[in-house]
Each structure stands twice: as C-alpha cells, then as structure tokens.
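A.B. asks: Take this sequence and fold it.
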Amino acid sequence: MSQDNRNLVIFMVIAAVILIGWQFVAARFLPPPPKPARTAASAPASPTAPAGSAAAAPDTRAAVKPAAAVIAETPRIAIRTPALSGSINLKGARLDDLVLLRHRETVKRQSPPVRLLSPSGAPKSYFAAFGWAGDGVVAPNKDTLWTADRTTLTPDTPVTLSWTSPQGLRFQIRYAVDADYMFSVRQSVANPTAAPVTVKTYGLVSRTGIPHEIDTWTNHVGPVGVFGPGANYDITFQNLQGEAPTFWARIWGTSAKAGENYFDHKGGWLGFGDIYWLAALVPDQGTPVHAGFKGAGDVFQADYTTPATAIAPGRQAVRDSRFFAGAKEVAVIDGYQDKGQIENFDKAIDWGWFRIIEKPLFYYLSLLSKLIGNFGLAIIALTITVRGFLFPIAQRQFASMAKMKAVQPKMKAIQERYADDKPRQQQEIMALYKAEGVNPLAGCLPVLLQIPIMYALYKVLILTIEMRHQPFMLWITDLSAPDPLTPINLFGLLPFTPPAVIAIGIIPILLGISMYFQFKLNPAPMDEAQKQVFAIMPWMLMFVMAPFAVGLQLYWITSNVLTILQQRLLYARHPEMLAPVK
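C.D. replies: Down below sits the predicted model:
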C-alpha cells in the first residue's frame with residue numbers, strides 16, 4: 001500500500017472513531033449551554049391549551065412536592081396493564097401518573113421502575129390532556145372534576161369519564177389501553193340543547209425541564225414528530241426557548257425556527273422523545289390538524305387542534321385519537337406503524353441513514369440473544385458471522401499483501417533512485433504496481449467494510465432499549481454503558497473517582513492489547529513516520545474507545561482476535577509474507 005493510500009486509510013479510521021465519539025466527548029468535557037435567567041416575575045406558567053381554544057387559564061407554578069404526595073391529593077382511576085401502572089387524574093382528566101413495569105431505573109435488583117409521567121406540581125411534571133374549545137361554549141378545563149363509570153382501566157375494561165356543562169352539553173372521554181403502551185382516546189360531546197354549537201378538539205403533552213441526555217447528530221432527544229414524508233428531528237428545546245437554529249443546522253437545511261413551530265398536516269404524530277422513552281400524540285390519521293410545539297421557560301408543549309365541528313340540536317360529535325406513552329421497543333413501535341397504521345411511527349427511533357444496516361443487525365442480534373441466552377455472547381456470535389462473510393475478502397487481501405511485500409525491494413530501489421523527485425517516484429511506483437498486478441487498496445477493503453458495520457452496531461447499542469441493562473458476565477452488568485471497572489483507582493479500592501480522560505476500563509485495555517498484537521502481525525510500513533503512527537494507534541484508540549458501550553468494544557476485541565487467527569492461518573498459506581525484506 002502506498003504512503004498516500006495508507007494515510008487515507010488512517011485518516012478514515014480515525015475520522016470515523018472521532019465522529020461517533022464526539023457526543024461522549026461533549027457530554028464529558030464541554031459545559032452545557034447556559035439556561036436563560038429566570039426571575040420570580042418571569043417564572044413560566046404551565047402550558048395552555050392550543051392556540052385558538054377557550055380553555056381555562058394555565059396552571060400556576062405551585063410549590064414542588066414529591067410525585068406521590070401530589071397524586072394523593074386528587075381522585076383517580078387506576079391504570080393496570082402488563083406494561084404500565086399508574087392512574088388518571090379525575091381533576092382535569094389528565095394522564096399524569098405512569099410508570100413502566102418492564103424497565104427499571106438502574107441495573108440494581110431493587111431499582112424502581114422507570115417513571116415516565118408525573119403530575120403538575122411534582123418535579124419534572126410530564127402529562128397529557130385532551131379537551132374541547134369553541135366560541136360561546138363552556139368547555140371542561142384543568143380544574144373540572146369528572147365522573148367515571150369504573151375504578152380501574154385495564155386492557156379489558158375501558159373507562160368513560162363524563163361531565164355536563166352549565167349549558168347542558170355532555171362531554172365524555174373514553175380511555176382504552178392495550179397490553180403495551182398505546183391509549184385510545186374517544187372524545188365526544190352531545191348537544192341536547194335547542195341551539196347548534198361549534199367545537200373543536202385538541203390534545204396536548206406538557207413537559208417541564210430539559211432531559212439530561214444530549215441531543216446529538218447521531219440521536220435526537222427532544223421535540224419530535226411526523227408532518228410529511230419523514231420525521232422532524234430539527235426542532236430542539238432551545239429553539240422553543242427562543243434560540244434560532246445553529247449555523248450548521250441552517251447550512252444542513254432545517255425547518256426549525258426560534259419560538260413556536262407549527263405545521264398543518266393530515267395524519268402523523270408528535271411528542272417528546274428521549275433516547276429510550278416516548279410520549280406522543282397520534283391524531284386520527286385521516287383528519288387534518290394544526291400541530292406543533294411551543295415553550296415558556298423550562299415548560300414545553302406539543303399539541304394539535306382539529307377543525308371546528310358544528311353540532312346540531314339533539315346530535316353529537318365524536319373524535320378519535322391515540323396517545324403513546326412508553327418505551328421505544330422496536331417490535332412494539334414497528335407493530336403500531338404496520339398494524340396500527342400510524343404514519344412513519346418507526347421514525348420515533350432515530351435510526352438515521354444507516355437504518356438499512358441497523359434494523360437487520362438489531363433483529364439478528366435479538367435472535368442470537370434469544371437462542372444463546374446472553375447478549376454479550378450474541379455480540380461475539382455476530383462478530384464471527386461478520387468475519388465469516390469477510391473471510392474470502394481477507395484471503396484476497398493477504399494475497400495482495402504478499403504481492404506488495406514481494407515488490408518492496410523494487411519499491412525501495414525506486415525510492416532511493418528518485419529520492420529528490422517525488423512526482424517521478426510516485427509515477428514509477430504506480431507503473432511497478434501495474435506491471436506486477438498489485439492493487440494497494442485491496443488491503444484496505446476489509447477495514448472499509450467494517451466501518452459501517454461498527455457504526456451500525458454503535459447505533460443499535462445506544463438507541464434500542466432492548467440493549468439497555470443487558471449483562472454479559474462478571475462485572476459487566478450493562479453492555480450499553482462504558483466499562484465501570486478501572487485499575488486507576490485499583491478497581492474501586494481507592495476512595496476516588498478518576499477523571500474521565502484517564503478512567504480506562506479493563507475492556508478498553510484489552511482492546512488496546514488486541515490491536516497491538518494485530519498491528520504487530522501486519523507488514524511494517526517502510527516510512528518511519530508511518531511506523532510511529534501505527535505504533536501509537538492501538539493505545540490512542542484505547543483512550544478514544546473507553547467511553548463507548550462495552551458491547552461495541554467487545555465486538556472490536558472479538559474481531560481483532562479473529563483477525564489475528566486469520567492472519568496466522570493465511571501466513572501459513574503465504575510464508576513469503578514472513579520473509580524479511582532485503
């Protein structure tokens with residue numbers, strides 16, 4: 001491989017590692033963006049109903065209490081499903097109390113389940129509400145006390161909430177829920193009066209606070225929705241707080257703007273997404289809606305409004321919608337898109353451009369983990385599969401490298417002969433390649449093919465909740481997290497936490513060692529500068545990869561070990577590779 005081509009490969013490998021590692025560097029070493037200063041006079045109120053509605057005044061900012069204390073203050077309908085536990089607040093008919101029974105906060109056995117929704121007045125309140133608005137119509141609001149036809153909502157027992165206005169209009173909300181994370185919401189209003197009325201329905205999701213996860217180019221965290229052929233990942237919490245899109249976002253092309261962001265669309269969905277969780281409104285897919293996002297300080301809202309409907313005396317109007325509140329489990333999300341016919345609902349998971357590799361990789365890993373019973377061993381099995389596919393290419397690579405080594409004496413003679421004439425030197429070397437039938441890029445192909453596979457595995461490990469908290473063995477209890485065990489503090493015996501820049505775990509160290517031995521088996525480059533680069537690269541990548549998921553490091557270590565075995569086998573077939581260059 002020529003010097004220029006080697007430099008190109010080195011650059012591509014390092015660039016790929018740096019690009020996918022940038023979010024970890026930013027999270028560990030860069031300060032978060034400053035939050036706008038808040039005073040008592042400018043403290044934001046909780047969100048209101050969508051623009052144009054006649055809902056009551058927004059919530060006032062009350063003293064924050066624990067979620068359990070706030071929940072105990074109001075009458076409620078219990079929610080009991082295989083995946084969810086919580087309650088519906090009869091004051092305001094809000095879905096504001098929900099925990100996810102399939103997922104826990106940490107890997108500890110006694111860790112509580114993840115809380116997704118919390119009521120107004122609790123820390124980081126997060127809730128959904130559905131309502132009506134209309135000129136001259138007294139509609140229910142956040143303080144309305146509803147009556148229910150039963151005490152518990154389950155997949156087999158829907159709950160209907162009712163309230164009659166002073167005008168005599170009868171409002172109802174029928175909540176149903178499936179065995180996973182989807183609520184069906186039917187809003188109806190009956191008009192027994194002698195005069196026609198005009199109303200429109202709305203749904204909203206309110207969220208207080210910005211999550212600690214960082215919104216990056218590899219994984220969007222924040223407002224998300226579908227208002228056309230694809231998902232809108234452009235809008236950020238900072239945009240809703242009044243910040244204009246960044247320079248790079250404008251260069252890339254963005255639909256976001258500072259402040260409110262609203263769209264007119266038929267179908268689609270919208271809400272707020274974390275890395276693993278989602279709360280999203282799903283309007284009727286055949287109804288045009290005015291939908292979007294807005295914010296006030298650290299309170300954010302996603303909402304939609306349907307067109308106004310005239311209700312004649314003695315008639316009623318009905319609107320159906322859905323609300324997803326749960327974990328972004330891939331099979332569940334795909335099922336809602338396909339069977340539930342929700343437009344582009346799989347875009348709730350930010351697969352990105354490499355989804356064509358990532359989704360098959362995810363399903364293959366899931367299959368292997370079910371067959372083997374250990375996700376770490378499934379990653380090893382995946383690596384063996386990948387290396388098996390690449391083995392014929394590796395054979396051709398080594399044949400090419402054997403030819404490269406055979407012509408090195410001639411290359412060295414050309415370099416000495418034309419030491420002062422670099423253009424002529426390159427010209428003669430290319431002529432030599434052509435005459436000897438040598439392709440210097442052939443040795444780079446396996447590396448180039450593995451880059452998208454590694455990136456796809458990286459995305460699968462950080463995106464999919466199925467990989468969260470997956471154990472391997474010994475101290476590795478979460479393959480989606482960095483290695484927690486570092487010799488810097490004698491594996492936790494010394495009472496201090498080392499800085500992130502030197503907190504190198506055991507698995508990253510093994511990665512560096514495996515890369516060192518792999519590089520030692522490669523033919524040494526003739527250029528001294530390249531020799532120095534290849535000598536330090538294993539240890540440099542050890543530091544770069546330390547903050548990455550252990551599962552990704554496990555893939556790389558296994559790949560290196562298999563590469564070393566392949567090299568041993570192919571050196572036996574090509575003994576000329578071991579002969580010293582004369």
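
A.B. asks: who's sitting farthest from the centroid in the chain?
C.D. replies: For the chain, the residue at maximal distance from the C-alpha centroid (CA atoms, centre = their mean) is R417, at 55.8 Å.

A.B. asks: Please tell me the pLDDT value assigned to V13.
C.D. replies: What the model reports for V13 is a pLDDT of 52.

A.B. asks: returning to that earlier point: pLDDT score for the residue farthest from the centre of the chain?
C.D. replies: What the model reports for R417 is a pLDDT of 83.

A.B. asks: Backbone dihedrals for it, please?
C.D. replies: With angles defined as degrees, to the nearest 10, R417 sits at phi -70, psi -40.

A.B. asks: Next, the contact list for it, please.
C.D. replies: R417 makes contacts with E428, as judged by CB atoms under 8 Å, 6 or more residues apart in numbering. (Glycine included, C-beta is placed from N, CA and C.)

A.B. asks: can you pull the contacts of the nearest residue to K266 once chain neighbours are set aside?
C.D. replies: The shortest distance from K266 to any non-neighbouring residue, by CB to CB, 6 or more residues apart in numbering, is to P288 (4.6 Å). P288 is in contact with D264, H265, K266, T306, P307, counting by CB under 8 Å, 6+ apart.

A.B. asks: Buried ones among those residues?
C.D. replies: Buried members of these, counted by 16 or more other CB atoms under 10 Å: H265, T306.

A.B. asks: Okay, and which of the contacts of P288 map to strands?
C.D. replies: Taking DSSP state E as the definition of strands, those contribute D264, H265, K266.

A.B. asks: Looking at those residues, which is nearest Q470?
C.D. replies: H265 (37.4 Å; CB to CB).

A.B. asks: I figured that closest one hits T287, correct?
C.D. replies: No: contact criterion CB atoms under 8 Å: H265 and T287 do not qualify, at 10.1 Å.

A.B. asks: where's I536, which helix or strand?
C.D. replies: helix 528-545 (DSSP states H and E).

A.B. asks: Alpha carbons only: can I get the following helix or strand past that helix in CSV?
C.D. replies: Stepping forward along the backbone from helix 528-545, the first helix or strand reached (DSSP H and E) is helix 550-573. Output in CSV follows, covering the C-alpha atoms of helix 550-573 (Å, rounded to 0.1, in the frame of the first residue of the first chain):
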residue,chain,number,x,y,z
VAL,A,550,-18.8,-2.2,26.3
GLY,A,551,-20.8,-4.1,23.7
LEU,A,552,-19.1,-2.2,20.9
GLN,A,553,-15.6,-2.8,22.5
LEU,A,554,-16.5,-6.5,22.8
TYR,A,555,-17.3,-6.6,19.1
TRP,A,556,-14.0,-4.9,18.3
ILE,A,557,-11.9,-7.2,20.6
THR,A,558,-13.5,-10.3,19.1
SER,A,559,-12.9,-9.0,15.6
ASN,A,560,-9.3,-8.4,16.4
VAL,A,561,-8.8,-11.9,17.9
LEU,A,562,-10.4,-13.4,14.8
THR,A,563,-8.2,-11.3,12.6
ILE,A,564,-5.1,-12.5,14.4
LEU,A,565,-6.2,-16.1,13.9
GLN,A,566,-6.9,-15.4,10.2
GLN,A,567,-3.5,-13.8,9.9
ARG,A,568,-1.8,-16.8,11.4
LEU,A,569,-3.7,-19.1,9.0
LEU,A,570,-3.0,-17.0,6.0
TYR,A,571,0.6,-16.6,6.9
ALA,A,572,0.9,-20.3,6.8
ARG,A,573,-0.6,-20.2,3.3
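
A.B. asks: Hey, what's the angle from helix 550-573 to helix 528-545? Just curious.
C.D. replies: 150 degrees (axes from the mean of the first three to the mean of the last three CA atoms, to 10 degrees).

A.B. asks: Give me the buried positions along helix 550-573.
C.D. replies: Buried residues in helix 550-573, counted by 16+ other CB under 10 Å: 550-563, 566-567, 570.

A.B. asks: And for stretch 195-215?
C.D. replies: 197, 199-208, 210-211, 213, 215.

A.B. asks: Nearest to Y364 among the contacts of P288?
C.D. replies: For these, the minimum distance to Y364 (CB to CB) is 35.0 Å, reached by H265.

A.B. asks: what stretches of the stretch 251-400 of the chain score poorly on pLDDT?
C.D. replies: The stretch 251-400 of the chain contains residues with pLDDT under 70 at 251-254, 398-399.

A.B. asks: Tell me the one of the contacts of P288 nearest K412?
C.D. replies: H265 (66.2 Å).

A.B. asks: still on that earlier bit, biggest separation within the buried residues of stretch 195-215, which pair?
C.D. replies: Applying CB to CB across the buried residues of stretch 195-215, the maximum distance is between V197 and E213, 44.5 Å.

A.B. asks: List the contacts of H265.
C.D. replies: By CB under 8 Å, 6+ apart, the neighbours of H265 are F227, G228, P288, V289, A291.

A.B. asks: try it again with 10 Å
C.D. replies: G225, V226, F227, G228, P283, P288, V289, H290, A291, G292, Y304, E343 (CB atoms under 10 Å, 6 or more residues apart in numbering).

A.B. asks: In the beta-sheet assignment, what are the partners of it?
C.D. replies: Taking DSSP bridges, one obtains V289 as the residues bridged to H265.

A.B. asks: can you give me the offset of the lengthiest helix in the chain from its chain's centre?
C.D. replies: The longest helix of the chain (DSSP state H) is helix 375-406. On the basis of CA atoms, centre = their mean, to the nearest Å, helix 375-406 sits 30 Å off its chain's mean C-alpha point.

A.B. asks: buried stuff in that helix?
C.D. replies: Residues of helix 375-406 classed as buried: 375-383, 386-387, 390, 394, 397-406 (neighbour count, 16+ other CB under 10 Å).

A.B. asks: Equivalent analysis for stretch 181-195, please.
C.D. replies: Across stretch 181-195, burial judged by 16+ other CB under 10 Å covers Y181, M182, F183, S184, V185, R186, Q187, S188, V189, A190, N191.

A.B. asks: measure it end to end?
C.D. replies: End-to-end distance for stretch 181-195, by CA to CA, to the nearest Å: 40 Å.

A.B. asks: Then stretch 257-277?
C.D. replies: Counting by CA to CA, you get 25 Å between the two ends of stretch 257-277.

A.B. asks: Point out where the stretch 401-550 of the chain drops to low pLDDT.
C.D. replies: 401-402, 439-447, 491-493, 495-502, 522-531.

A.B. asks: Now do the helices in the stretch 51-200 of the chain.
C.D. replies: Counting by DSSP state H, counting those that start in this stretch, the stretch 51-200 of the chain has these helices, from start to end: 67-72.

A.B. asks: Check the stretch 301-450 of the chain too.
C.D. replies: Using DSSP H, counting those that start in this stretch, helices in the stretch 301-450 of the chain cover 330-338, 355-372, 375-406, 408-417, 422-436, 445-463.

A.B. asks: List the contacts of Y516.
C.D. replies: Going by CB under 10 Å, 6+ apart, Y516 touches F534, A535, M537, P538, W539, M542, N560.

A.B. asks: SS state for it?
C.D. replies: Under the three-state scheme (DSSP: H, G, I helix; E, B strand; the rest coil), Y516 adopts helix.
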